[in-house]
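Undergrad: generate coordinates for the sequence data below:
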Amino acid sequence: MTLLRRTGLVAVLALALGACLGVASASAAYVTAGAYPASFKGVSEPYTGWDFEAPGGKEWDCEGIGVDTSLAGPTRTFAGPSSASRGCNDRTHSEGGTTLATNGCALTFRPGAESGSGEFSGTAELGPVGCGPMTLNGSICKRRFYAQSGIPVAFTNVGSGSSASIVPKISAAPLTYIPEGPSAYCGGVSGSVHTMWYTASWELSAYNHVGEPVSAALSELSGDGLFISGSVGEAPLLGAESYPATINGEQSSAAKYTVSLEGGRKIYCSQAALEGTASGAASQITLVPNLQGCTALILGNEYHASVALNGCQLKVGLSNEGPPYSGSLSVECPNGGQIQIRAFSSALAEREFRPMCIYGIASQSGLPGVSLENAGSGSSRAVNLTFGVSNLLVTRVAGTATNCGGPTHSSPLTGSGVLNGLH
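TA: Numbering: from 1, shown residues only. Here you go, the predicted structure:
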């Protein structure tokens, strides 16, 4: 286990060094299936399960927690179950009857760029922020794992044809935890943050709507040409060269998607993509934000922020013949829900889920101020998307007026990006 632990540490240091040197990241891979819709399932491989090693030589082998989700089309993320409890073998016999419980937390996997033939780097995160926490409970100690990100994962495509599958593997990755109980047994002083090492792997397979196996693989999709078309007197349509098409819209680094609140407060993310699928030409497209590295600018100070979509989606509709083309934005949330943006004053406040401010964005429709423009040619055709929405309704769900502003905000949403079609 010592060699594996060092390997995991080297991987973390390499990722950190790349970030410090400003190395450009390559395009992310998509999880694909041989047919859609597809069930995407996998169990932890039996020779690993979930393996934990804490300071003081304490080690546990736990029954693995698998993955069981569905795919409507290619996706850049997938998650395991958030409600699971598994028994664990205490290899050092320091305490018996240990169990692992997710308590509403789940691992979300994010495959990255291809690093070798059929091999991909990537990360996983335990979340969402405010979940659980996940616990490793023994007869003497409880160990709490709060939301955390940047867990290194190696992904490999294996097999061929309908038996092709994806194997993600986590090798001795550092995982922070807070123990409760006597430090001699619990691997650290009770109530303080410590690090243990986590190893697991899965084999993930795909099945069609009647349960037959189909191929599952990671792939860096190629361009498929996305464009707006329409004759004079006809409503414009957003179309692709072939269907089904995957839509991916990365924000511009020079004009990030930004929600501006009163008093100079702002919400923006270092990485923001709008993702969707198209089965044919349409005057409206549904997009799901994929957000990472978010920041809340409050009273001149930057705080880490998390965004919970809660099943909400964005819809962009075309509204004139053009060009240039104008459009509208709608937010659609199921069951009266809302997108929630949480700002945290410190890492400790985030671990304990004590947000300084929570803002909500509920369902609303037909907001003007969207501009669209064709760009490129052939399979490299794309659509430039610019938000200049002036009246996105944002409410203060929690937090003081001094820190977070008034109870409601009629907020500008600005920024630009490029919508690409992929297949």
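
Undergrad: mind listing the helices for the stretch 201-350 of the chain?
TA: For the stretch 201-350 of the chain, the helices defined by DSSP state H, counting those that start in this stretch occupy 347-351.

Undergrad: where does it have low pLDDT?
TA: 231-233 (pLDDT under 70).

Undergrad: in it, what residue spans correspond to strands?
TA: Secondary structure of the stretch 201-350 of the chain by DSSP state E, counting those that start in this stretch: the strands cover 213-214, 216-219, 226-229, 237-240, 245-251, 258-260, 266-278, 284-298, 301-308, 313-318, 325-332, 338-344.

Undergrad: redo these as CSV? Include distance to Arg143.
TA: All C-beta atoms are positioned from the backbone trio N, CA, C, and that covers glycine. Output for those, formatted as CSV (distance: least, C-beta to C-beta, whole Å):
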stretch, distance to Arg143
strand 213-214, 38
strand 216-219, 32
strand 226-229, 48
strand 237-240, 49
strand 245-251, 38
strand 258-260, 37
strand 266-278, 31
strand 284-298, 27
strand 301-308, 23
strand 313-318, 37
strand 325-332, 39
strand 338-344, 22
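
Undergrad: of all the ones you listed, which one is nearest Ser165?
TA: Judged by C-beta to C-beta, the one of these that comes nearest to Ser165 is strand 216-219, at 5.3 Å.

Undergrad: who's in contact with the residue lying closest to Ala362 once chain neighbours are set aside?
TA: In this structure, Ala362 finds its nearest non-sequential neighbour in Gln338, 4.2 Å apart by C-beta to C-beta, 6 or more residues apart in numbering. Neighbour list for Gln338: Asn310, Cys312, Gly360, Ile361, Ala362, Ser363, Thr395, Val397 [criterion: C-beta atoms under 8 Å, 6 or more residues apart in numbering].

Undergrad: can you rerun that using 6 Å?
TA: Residues in contact with Gln338 (C-beta atoms under 6 Å, 6 or more residues apart in numbering) are Gly360, Ile361, Ala362.

Undergrad: rewinding a little: Ala184 is nearest to which of the strands of the stretch 201-350 of the chain?
TA: strand 338-344 (32.8 Å).

Undergrad: if we can go back for a sec, wait, which of the strands of the stretch 201-350 of the chain is closest to Ile166?
TA: strand 216-219 (5.4 Å).

Undergrad: partner strands of that closest one, with direction?
TA: strand 30-33 (antiparallel) (DSSP bridges).

Undergrad: who's Gly87 bridged to?
TA: On the basis of DSSP bridges, Gly87 is bridged to Thr99.

Undergrad: please read the previous query as pertaining to Gly388.
TA: The partner list for Gly388 in beta bridges (DSSP bridges) reads Thr414.

Undergrad: and Pro152, by the same measure?
TA: Beta-bridge partners of Pro152, as defined by DSSP bridges: Thr123.
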